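In: This is a predicted model, with the sequence first.
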Amino acid sequence: QTYTFRRKNMASDNNRERRQGSTGSASNRDRNRNSSGRTGGQSKNGGSQNRNSQSRNGSPQNRNSRNRSNGGSGKQGASRSGSQPARRTAPSGKPKQNMDARSRRSYNEDYSGKTGIVVEEPKQKKHKNLPWVIALVLELVLVLVLVGAFAYEWADSRLDRIKKVDLNETKTNEDMKEETVQKMTGTQTFVLYGLDTRDLDLDKSSSRSDCMIICVINNDTKKVKLVSVYRDTILDMGDDTHGFQKAAHAYAYGGVQQSINMLNTNLDLNIQDFVTVNFTALEKAIDAMGGLDIEVKESELKKLNDSIREQMYYDPSMNSSLIDQTGLIHMDGVQATAWARVRATDQGDITRTWRQRTVISKMIEKAKQSDLDTLLATIDSVVDYVSTSLSKDEIMSLAKNFITEGYELDVTTGFPFTWNTMNHDTLGSILIPCDLETNVKMLHKFLYGNDTYEASDTVKNTSQEIVNMTGFTNTLDIDTFRIEDDPDSIANK
């Protein structure tokens, strides 16, 4: 920016100069015209005059005006039109450009009282390209809206292929404490089932639920907690026919409805929704995401390859390969699913549920990093192998929460927290919660932050029946037990 300067009352100065000029002689006027300083410049016959040449009194010459001689006459300081005051640059070497506010104030104070020179602020430059910038931004916003609308419509049409199941006979304990019910308000609780089957009629499948995970979403904290219920845990099936059985058997006895009723009545929960997938859905989803990086131990390698062979035998269309080394392995869908199914290592089903939750957490992180095409391809690959009670809008909302709203997977663990095993005369190898009532109390503390939970009479009676049946009593100290320190837990960060 360039700051220009002008004299005050230039019109009165011009009038005074004209009166002086009218009384002077012709010779004086000639001398004044010939006295223009050309120091450092050339004469008329010697070429062009330098615009930075100095006058005789040493002040810089302005190219739009003539210098005044000592007492000379003539038109001095007038503009070319004769009606506007002339523009002048700052005298005494003051800079024409980049003068800050402090310099302008100092310059006004120094010169305004003596020479009548004031600073004229430069006119603001018009932004000729501003309309084009605004138009470009609007176009980008429109493109994003159209892409989002297209993605929503595309996903919405694919979700029509998911089998929607309504739950009409869900049971809960009528004697649950009021405080227990209130603590669950503001959260969304549902169950994720994984079936070891290729059957598409998932909600009525006769298969046992090899994967049974309680999922609680806290919309206030944006935290998601997962709890795997160990498949061999002895619980009351909630009907007059089967009595106490392994938890995984409920799905085979009465489908998803009986399994949810079993969880609600044994654990004082209010589960109203579920999602069931088979292992084909898991294989295809992982492939669509580009695979997962998983750490393989030496103790897992043989059973892992046995599981890979079994999966390719039952579904020849799923091409994969065996794994011949340990360490961090980039796995395709068949390999990662086979790793999640490995059971006969470490602590059996306890360790298997840890692997299942590990795969889920890695899939969530991979989805957050994926582009739109990958996410749409993943949806398209699994919808035929999913059964759920959730509506399309609820599914889209869950996906949005994880991908764009900052929802995070919190600590995941398994239930019961303290347990023992035994070979029962009629039930075979079972896992006993020690005891059920205390473990349910810890479950509500973990899932809902309920430190004052009191079990319903239904849960207390069920807990005592298990003690009478197995002889195992409580071994859980709620005051000292920490979920985060449990080796069967996963602290997702």
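Out: Okay, I see it. Please read these numbers as outputs of a predicted model, since none were measured by experiment. Numbers count the residues shown, from 1 in each chain.
In: which residues touch residue 253?
Out: Residue 253 sits next to 237, 239, 241, 242, 245 when contact means CB atoms under 8 Å, 6 or more residues apart in numbering. Every C-beta, even on glycine, is put in place using the N, C-alpha and C of the backbone.
In: What backbone torsions are found at it?
Out: Backbone torsions of residue 253, given as degrees, to the nearest 10, read phi -80, psi -40.
In: Buried residues in whichever strand or helix holds residue 396, which are they?
Out: Take DSSP states H and E as the rule and residue 396 turns out to sit in helix 392-403. Using 16 or more other CB atoms under 10 Å as the test for burial, helix 392-403 gives 392, 395, 398, 401, 402, 403.
In: Sort out which one of the residues you listed lies nearest residue 458 for me.
Out: Nearest to residue 458 out of these is residue 398 (CB to CB; 30.5 Å).
In: Give me the average confidence score over the helix or strand that comes right after the helix holding residue 396.
Out: Using DSSP H and E, the helix or strand that directly follows helix 392-403 along the chain is strand 408-415. Taken as a whole, strand 408-415 has a mean pLDDT of 93.
In: Listing partners with orientation, what would you give for the helix or strand just after strand 408-415?
Out: Moving toward the C-terminus from strand 408-415, the next helix or strand (DSSP H and E) is strand 419-424. Next to strand 419-424 in the sheet, as set by DSSP bridges, lie strand 428-433 (antiparallel).
In: model confidence over the partner strand, on average?
Out: 95.
In: what angle do whichever strand or helix holds residue 263 and strand 408-415 make?
Out: Using DSSP H and E, residue 263 sits within helix 249-267. Helix 249-267 and strand 408-415 are oriented at 100 degrees to each other (axes from the mean of the first three to the mean of the last three CA atoms, to 10 degrees).
In: Can you classify residue 158 as helix, strand or coil?
Out: helix (DSSP: H, G, I helix; E, B strand; the rest coil).
In: before we move on, the earlier item: what strands line up against the helix or strand just after the helix holding residue 263, and which way round?
Out: From helix 249-267 onward toward the C-terminus, using DSSP H and E, the following helix or strand is strand 273-278. Strand 273-278 pairs in its sheet with strand 187-195 (parallel), strand 386-388 (antiparallel), by DSSP bridges.
In: Can you say which of those is packed in most?
Out: Neighbour counts (mean count of other CB atoms under 10 Å) averaged over each of these peak at strand 386-388, with a mean of 23.
In: Residues in contact with that strand: which ones?
Out: Residues contacting strand 386-388 (CB under 8 Å, 6+ apart): 162-165, 202-203, 256, 273-277, 281, 395.
In: what do you get for stretch 290-310?
Out: Under CB under 8 Å, 6+ apart, the answer for stretch 290-310 is 286, 320-323, 325-336, 338-339, 341-346, 358-359, 362-363, 366, 374.
In: Okay, and which of these map to helices?
Out: Counting by DSSP state H, these place 286, 333-336, 338-339, 341, 358-359, 362-363, 366, 374 in helices.
In: These, buried ones only, as a ChimeraX selection?
Out: A single ChimeraX command selects the buried members of the ones in helices among the contacts of stretch 290-310 (16+ other CB under 10 Å):
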select :286,333,334,335,336,338,339,341,358,359,362,363,366
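In: Now pLDDT and distance to residue 174 too, for the ones in helices among the contacts of stretch 290-310, in JSON lines please.
Out: Shown next, in JSON lines, are the ones in helices among the contacts of stretch 290-310 (pLDDT from 0 to 100; distance: CB to CB, whole Å):
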{"residue": "286", "pLDDT": "95", "distance to residue 174": "42"}
{"residue": "333", "pLDDT": "95", "distance to residue 174": "44"}
{"residue": "334", "pLDDT": "95", "distance to residue 174": "46"}
{"residue": "335", "pLDDT": "96", "distance to residue 174": "47"}
{"residue": "336", "pLDDT": "96", "distance to residue 174": "43"}
{"residue": "338", "pLDDT": "94", "distance to residue 174": "43"}
{"residue": "339", "pLDDT": "95", "distance to residue 174": "42"}
{"residue": "341", "pLDDT": "90", "distance to residue 174": "38"}
{"residue": "358", "pLDDT": "94", "distance to residue 174": "38"}
{"residue": "359", "pLDDT": "94", "distance to residue 174": "37"}
{"residue": "362", "pLDDT": "94", "distance to residue 174": "40"}
{"residue": "363", "pLDDT": "93", "distance to residue 174": "38"}
{"residue": "366", "pLDDT": "91", "distance to residue 174": "43"}
{"residue": "374", "pLDDT": "90", "distance to residue 174": "46"}
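In: and the two most separated of the ones in helices among the contacts of stretch 290-310?
Out: Taking CB to CB, no two of the ones in helices among the contacts of stretch 290-310 sit farther apart than 341 and 374, at 24.7 Å.
In: Now do stretch 161-169: distance from first to last residue.
Out: 24 Å (CA to CA, to the nearest Å).
In: do the same with stretch 400-415
Out: 29 Å.
In: in that stretch, what's buried?
Out: 401, 402, 403, 407, 409, 410, 411, 412, 413, 414, 415.
In: Quickly name whichever of the residues you listed is closest to residue 456.
Out: Of those, the one sitting nearest to residue 456 (CB to CB) turns out to be residue 415, at 17.2 Å.
In: Now do the contacts for the closest one.
Out: 214, 227, 228, 229, 230, 233, 267, 433, 439, 443.
In: could the buried residues of stretch 400-415 be laid out in TSV, adding distance to residue 480?
Out: TSV is the format used below for the buried residues of stretch 400-415 (distance: CB to CB, whole Å):
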residue	distance to residue 480
401	34
402	34
403	38
407	31
409	26
410	21
411	17
412	21
413	16
414	19
415	18
